[in-house]
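[1] This is the structure alone, sequence omitted:
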């Protein structure tokens, strides 16, 4: 056993306090006993600490695919790029846990819309990678789960105004994303290129393919963001399909769920959304929580048009 005067304790507390210990990632390790001596009282405190901890390396899958298209794991750089994203996200415990919890709430909305349009289900991970399933705003100004820029949203028939921004409307934004994805598939003919084009644009990806004279995403030299993009999608697909392999064992009751909602159709102006929500047995917070596409405190409705507002049932 080793003896230390009490000030050393504070150093160890700082060091240990800054270490995130994830129980599934730590293997048994030899321990040592350390005795701390209080300078004034002489009282001794004995604690045991591991001499070292060992980070677990994962047994990665022998093969993986995106939308049924195999990933060429026979290429060393492909394996390295996949491993990078697996380890980054598997060990970013707080972020991955929260994404898994949110996914249970929002994927049941996204999945049937993709299926309706004949889009492979793996594209749900595009929305996940784009936004973490949150209505975020990128530095460039892209918004919502699917991260549409203003002009792109309008081209896809989403309303973007001071009062209404349908980039924040999950169902309508997913419908718009499907329109883009079908257009990209008509251009490229394979889903991996479609997913890559969601990051760098149809024109951008086409230009790189023409310059480098190769048709496949995995053979292209691309910018850092797009180079990692598909592998981030693949990493989350692997984490979601095999969570226990990577130490994630969330129980059903620990996941987030969407409450039962009622839909109210409105076809006339609402001058005060807070007052309107109260009249409908809700409140302004719930109104904005379940209708983030409402961007003002009022709603002006053009003649002959209407909106559907959701509130807790």
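    Great, that's in hand. Since this is a predicted model, take the numbers as computed values, not measurements.
[2] tell me the centre residue of this structure?
    When the chain is reduced to its mean C-alpha position, the closest residue under Cα atoms, centre = their mean turns out to be residue 132, at 2.3 Å.
[3] Leaving out chain neighbours, which residue sits closest to that residue?
    Counting by Cβ to Cβ, 6 or more residues apart in numbering, the nearest residue to residue 132 once its immediate chain neighbours are dropped is residue 99, at 5.7 Å. In short, each C-beta sits where N, CA and C put it, glycine included.
[4] since we're on that neighbour, how many residues are nearby?
    Applying other Cβ atoms under 10 Å, we find 20 other residues in the vicinity of residue 99.
[5] if I look at it, how far off is residue 67?
    With distances defined as Cβ to Cβ, to the nearest Å, the gap from residue 99 to residue 67 amounts to 20 Å.
[6] Same question for residue 58.
    As it turns out, when the distance is counted by Cβ to Cβ, residue 58 lies 23 Å from residue 67.
[7] shouldn't residue 292 be in contact with residue 135?
    Yes. Residue 292 is within contact range of residue 135, at 5.2 Å (criterion: Cβ atoms under 8 Å).
[8] hey, what's in contact with both of these two?
    Here residue 292 and residue 135 share the contacting residues residue 168, scored by Cβ atoms under 8 Å, 6 or more residues apart in numbering.
[9] mind pulling up the phi and psi values for residue 310?
    Reported as degrees, to the nearest 10, the phi and psi values for residue 310 are phi -100, psi 140.
[10] circling back to that earlier point, what's the residue nearest to the centre of the chain in contact with, if anything?
    Applying Cβ under 8 Å, 6+ apart, we find residue 132 in contact with 95, 98, 99, 102.
[11] which regions of the stretch 1-150 of the chain lie under the pLDDT threshold?
    Within the stretch 1-150 of the chain, the stretches falling below the threshold (pLDDT under 70) are 1-42, 47-53.
[12] which of the residues in stretch 123-138 are buried?
    Within stretch 123-138, the residues that qualify as buried are 123, 124, 125, 126, 127, 128, 129, 130, 131, 133, 135, counting by 16 or more other Cβ atoms under 10 Å.
[13] How about stretch 68-78?
    The neighbour-count criterion (16+ other Cβ under 10 Å) identifies 69, 71, 78 as the buried residues of stretch 68-78.
[14] same deal with stretch 84-95?
    Burial within stretch 84-95, assessed by neighbour count using 16+ other Cβ under 10 Å, is assigned to 85, 86, 87, 89, 90, 91, 93.
[15] Could you do stretch 288-301 as well?
    Taking 16+ other Cβ under 10 Å as the basis for neighbour counts, the residues of stretch 288-301 that come out buried are 288, 290, 291, 292, 293, 294, 295, 299.
[16] closest to residue 204 among those residues?
    The shortest distance between residue 204 and any of the buried residues of stretch 288-301, using Cβ to Cβ, involves residue 293 and amounts to 28.4 Å.
[17] Surely the closest one is in contact with residue 168?
    Yes. The pair formed by residue 293 and residue 168 meets the contact definition of Cβ under 8 Å, at 4.3 Å.
[18] just to revisit the earlier point, if we only consider the buried residues of stretch 84-95, which is nearest to residue 265?
    Distance from residue 265 was checked for each of the buried residues of stretch 84-95 by Cβ to Cβ. The minimum falls on residue 89, at 40.8 Å.
[19] Next up, the contacts around the closest one.
    Listed by Cβ under 8 Å, 6+ apart, the contact set of residue 89 reads 95, 96, 232, 235, 236, 239.
[20] What values do phi and psi take at the fifth one?
    What it means is residue 236. With angles defined as degrees, to the nearest 10, residue 236 shows backbone torsions of phi -70, psi -30.
[21] Can you pull the phi/psi pair for the nearest residue to it once chain neighbours are set aside?
    Nearest-residue entry for residue 236: residue 125, 5.0 Å, with adjacent residues in sequence omitted and distances by Cβ to Cβ, 6+ apart. In this entry, residue 125 is assigned phi and psi values of phi -80, psi -20 (degrees, to the nearest 10).
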